[in-house]
Structures are given as C-alpha cells and as structure tokens.
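Peer 1: quick one, fold the following:
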Amino acid sequence: MVALDLLGRRSTLRILWELRAEQLTFRALQEACETNSSLLNTRLAELRALGLVTHDEGGYGLTDEGRKLNAALTPLSDWARQWKPPAR
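Peer 2: Coordinates of the predicted model:
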C-alpha cells in the first residue's frame, strides 16, 4: 500500500519517467515534468528518503531500486499504450 500511495501522488510517476534514461538537473527535471519547484522538491525528498532517487553533482537520477520500479511499471505502460477506453 505504501508503494501505491507514493505512485498515486501528483507528479511521482512523471518524475520517475523523466529520470528513466539519464540524470537531470533540478531545473531540467522541473521543465520536463512541467511542475512547480515546491511540488518537485517535495516529491524528490520523498523519493530520496525511500531510496528510489539519488542526487549528486550530475543532478538527480534513479537508484538501482528506482530502476527496478521503472522496470516493474513497464508492463503497465505497455498495456496503457494499446488500451482503448470504451466510447462514452
């Protein structure tokens, strides 16, 4: 439940997505996520505290656990790409 709570928070999935391929500076991540600095700071602090994101002189990046989480989400992403919601 902790993981689902975290993933359901605004911008969490977007941050993980944007960090999937490379490290990003705070400003680059903020622009990529299209979010405000306060929310981004909050989410990054949560993700760092849980060991999913790291920060060093190169910027923010995923830890091994963060990469494992992204890999676990890949089947959901694959499903979402092919899913067509019913017409309303």
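Peer 1: surely Leu44 is in contact with Gly61?
Peer 2: No: if you go by Cβ atoms under 8 Å, Leu44 and Gly61 don't touch, sitting 11.2 Å apart. In this view, the C-beta of every residue, glycine as well, is placed from N, C-alpha and C.
Peer 1: quick one: least confident helix or strand in this structure?
Peer 2: Sorted by mean pLDDT, DSSP states H and E, the helices and strands of the chain end with helix 2-8, the least confident at a mean of 89.
Peer 1: buried residues, that helix. List them.
Peer 2: For helix 2-8, a neighbour-count test (16 or more other Cβ atoms under 10 Å) marks Leu6 as buried.
Peer 1: show me what the helix or strand following it is packed up against.
Peer 2: Using DSSP states H and E, the helix or strand that follows helix 2-8 in sequence is helix 12-18. When contacts are defined as 3 or more Cβ pairs under 8 Å, 6 or more residues apart in numbering; DSSP states H and E, helix 12-18 sits against helix 26-33, helix 37-49, helix 64-82.
Peer 1: got a list of what Leu69 touches?
Peer 2: The neighbourhood of Leu69, defined by Cβ atoms under 8 Å, 6 or more residues apart in numbering, consists of Ala3, Leu16, Leu52.
Peer 1: kindly recompute the last result at 6 Å.
Peer 2: Residues near Leu69 by Cβ atoms under 6 Å, 6 or more residues apart in numbering: none.
Peer 1: helix, strand, or coil at Gly61?
Peer 2: On the three-state scheme (DSSP: H, G, I helix; E, B strand; the rest coil), Gly61 is labelled strand.
Peer 1: Leu44 and Gly61: which is more packed in?
Peer 2: The neighbour comparison of Leu44 against Gly61 (other Cβ atoms under 10 Å) goes to Leu44, with 20 against 17.
Peer 1: give me the neighbour count for Leu73.
Peer 2: Residues near Leu73, counting by other Cβ under 10 Å, number 16.
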